[in-house]
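Engineer: dropping a prediction and its sequence here:
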Amino acid sequence: MNSRTPFALKGDIVHTPSFAEFTYYEDAYLVCQDARVAGIYRELPGRYRDIPVADHTGSLIIPGMCDMHLHAPQYPFRGLGQNIEKPDWDSWFDQYAFPEEKRYEDLDYAGRAYARLVGDLLQSTTTRACIFATIHRPATEHLMELLHAAGLCAYVGKVNMDRNSAPGLLETTEETLAETRLWLARTAGKYSDVKPILTPRYTPSCTNGAMEGLSSLMDEFRVPVQTHLSEGPDEIAWVRELMPDIRFYGQAYDRYGMMGTRQPALMAHCVFSTPEETEMLCRPNVMIAHCPDANLNYSGTAAPVLRYIRKGARVGLGSDVSGGRTLNLLRIVSEAITASKIHWAYCERTGVPGEKRDVLTLANAFYLATKGGGAFWGDTGSFETGYAFDAVVLDDTRFSDGNPRSVYERIERVISLGDERETKEKYVNGSCVYRRKSG
Ligand code: FE
């Protein structure tokens with residue numbers, strides 16, 4: 001089966017066309033035509049009577065998940081550095097992030113490390129990702145090639161850093177702009193599924209000169225931008241020091257057209273955004289990559305995503321590997337719910353007495369991981385007719401307990417406890433990119 005020939009997957013279909021609730025179709029057919037969802041049917045209509053059917057009766061079929069914030073070069077040290085005794089941010093960068101990222105100057109090392117990451121991504125529920133690479137152009141291009149060969153959809157960024165970096169990871173302003181231009185020229189039209197995204201690491205690591213140059217490149221090549229915003233109080237104070245004329249961090253990007261005014265913008269974290277910054281985040285061309293696992297670990301708190309959503313912001317979920325511990329977005333969905341409960345409990349205890357309980361439901365968090373992040377690619381992350389056919393078949397028999405369980409209970413349990421062992425098949429744009437070996 002390929003993306004052109006119509007085919008169907010049969011199983012228990014679950015998605016969230018709306019933020020509020022799941023929609024289920026037990027023992028139904030999900031039809032793919034021309035890489036898009038053609039419909040969900042209890043019985044196949046006559047025109048589809050003879051199409052191939054992959055029979056996954058008894059398995060769950062969910063939309064592919066979108067990891068909206070992932071540092072590819074940090075994958076080798078995942079799970080490490082989460083409990084550094086000296087509690088400052090620099091020690092994590094100095095001990096883990098920067099030494100590892102330096103290694104990607106060596107294309108052989110980069111090739112091996114990125115191949116492991118892409119192999120693991122293939123088995124996960126992730127079908128699309130927005131990825132930070134390193135400052136190194138050749139390794140970044142190699143990562144794009146690997147993702148394309150694997151059939152995954154991604155935006156990948158060559159990182160820019162021309163100040164406040166580590167030796168070996170510091171570019172001059174001229175270098176960072178010249179290499180970014182060359183990288184964009186080589187990759188902007190190369191693949192239909194893997195595209196470049198401008199990636200100034202964050203304000204402290206990019207001079208005004210670099211940001212000005214990147215702003216021009218963003219428009220010249222018409223590429224979106226991704227970066228970090230308001231992740232921690234120390235970082236915000238540092239940005240204020242570096243740019244004393246701004247009122248809030250978001251202005252440091254907005255003045256270069258990087259807050260959705262000219263091209264789409266993806267802002268990771270947004271834990272401590274002020275009311276003015278929140279308004280900026282609600283612009284239609286901005287998306288927040290909410291990274292609950294990383295936020296709970298780093299700052300012991302969580303972004304108030306429900307507040308942002310209720311004000312109209314678009315939100316997706318990110319693993320933030322390896323500030324976050326895992327690529328497994330099922331777990332990140334779980335963490336998003338936990339984080340929202342922690343945030344609510346904190347607000348209730350410190351805020352107005354009797355404040356209403358307002359936490360992410362299972363359906364809300366599932367929506368963020370699928371249709372929420374998927375909106376960065378347009379109609380993606382749902383099984384509504386016309387949406388990109390990104391689907392993951394999950395075999396949840398590992399959790400069978402001898403009792404009849406509703407589809408809701410099964411999806412709840414697979415989100416709480418599932419991982420790559422549950423991935424049976426995975427489709428991106430109608431093409432099967434992964435099939436579990438039987439036996
Ligand atoms: Fe990050």
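Structural biologist: Perfect, thanks for sending it. Numbers count the residues shown, from 1 in each chain.
Engineer: could you point out which element follows the host helix or strand of residue 226?
Structural biologist: According to DSSP states H and E, residue 226 maps onto strand 225-229. Taking DSSP H and E as the definition, the helix or strand that follows strand 225-229 towards the C-terminus is helix 233-242.
Engineer: output the contacting helices and strands for that next one.
Structural biologist: When contacts are defined as 3 or more CB pairs under 8 Å, 6 or more residues apart in numbering; DSSP states H and E, helix 233-242 packs onto no helix or strand at all. Quick note: C-beta positions are derived from backbone N, CA and C, even for glycine.
Engineer: where do the strands sit along the stretch 201-350 of the chain?
Structural biologist: 225-229, 265-269, 286-290, 314-317 (DSSP state E, counting those that start in this stretch).
Engineer: that older thread, tell me what the strand holding residue 226 is packed against?
Structural biologist: Contacts defined by 3+ CB pairs under 8 Å, 6+ apart place strand 225-229 against strand 199-200, helix 250-254, strand 265-269.
Engineer: show the pLDDT at the residue lying farthest from the centre of the chain.
Structural biologist: For the chain, the C-alpha farthest from the mean C-alpha position belongs to residue 46; by CA atoms, centre = their mean, that distance is 38.6 Å. Here, the pLDDT recorded for residue 46 equals 96.
Engineer: gap between it and residue 193?
Structural biologist: Distance, residue 46 to residue 193, using CB to CB, to the nearest Å: 33 Å.
Engineer: got it, and residue 131?
Structural biologist: 13 Å.
Engineer: about what we covered before: quick one, which of the helices and strands packed on strand 225-229 is nearest to residue 55?
Structural biologist: Between residue 55 and those, the shortest gap by CB to CB is with strand 265-269, which sits at 37.9 Å.
Engineer: mean confidence score for that closest one?
Structural biologist: Per-residue confidence for strand 265-269 averages out to 98 on the pLDDT scale.
Engineer: which residues of this structure score low on pLDDT?
Structural biologist: 1-3, 87-89, 352-355, 439 (pLDDT under 70).
Engineer: mind listing what's buried in the longest helix along it?
Structural biologist: Here the longest helix in the chain is taken by residue count, with DSSP state H as the criterion, and it is helix 329-350. Buried residues in helix 329-350, counted by 16 or more other CB atoms under 10 Å: 329-340, 342-344, 347.
Engineer: of the residues you listed, closest to residue 300?
Structural biologist: Proximity to residue 300 was ranked across the buried residues of helix 329-350 by CB to CB; first place goes to residue 342, at 8.7 Å.
Engineer: I'd like the distance between the closest one and residue 438.
Structural biologist: 41 Å.
Engineer: where's residue 130, which helix or strand?
Structural biologist: Take DSSP H and E as the rule and residue 130 turns out to sit in strand 126-132.
Engineer: dump the strands of the stretch 201-350 of the chain into a markdown table; add distance to residue 297 and mean neighbour count as well.
Structural biologist: As requested, the strands of the stretch 201-350 of the chain are arranged in a markdown table below (distance: least, CB to CB, whole Å; neighbours: other CB atoms under 10 Å):
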| stretch | distance to residue 297 | mean neighbour count |
| --- | --- | --- |
| strand 225-229 | 15 | 27 |
| strand 265-269 | 12 | 28 |
| strand 286-290 | 14 | 29 |
| strand 314-317 | 15 | 26 |
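Engineer: go through the ones you listed and name the closest to residue 303.
Structural biologist: strand 286-290 (5.5 Å).
Engineer: residues in contact with residue 188?
Structural biologist: Counting by CB atoms under 8 Å, 6 or more residues apart in numbering, residue 188 makes contact with 195-196, 221, 223.
Engineer: again, only this time at 6 Å
Structural biologist: With contact set as CB atoms under 6 Å, 6 or more residues apart in numbering, residue 188 has these partners: 196, 221.
Engineer: now swap in residue 381 and tell me
Structural biologist: For residue 381, the set of contacting residues under the criterion of CB under 6 Å, 6+ apart consists of 63, 370-371, 374.
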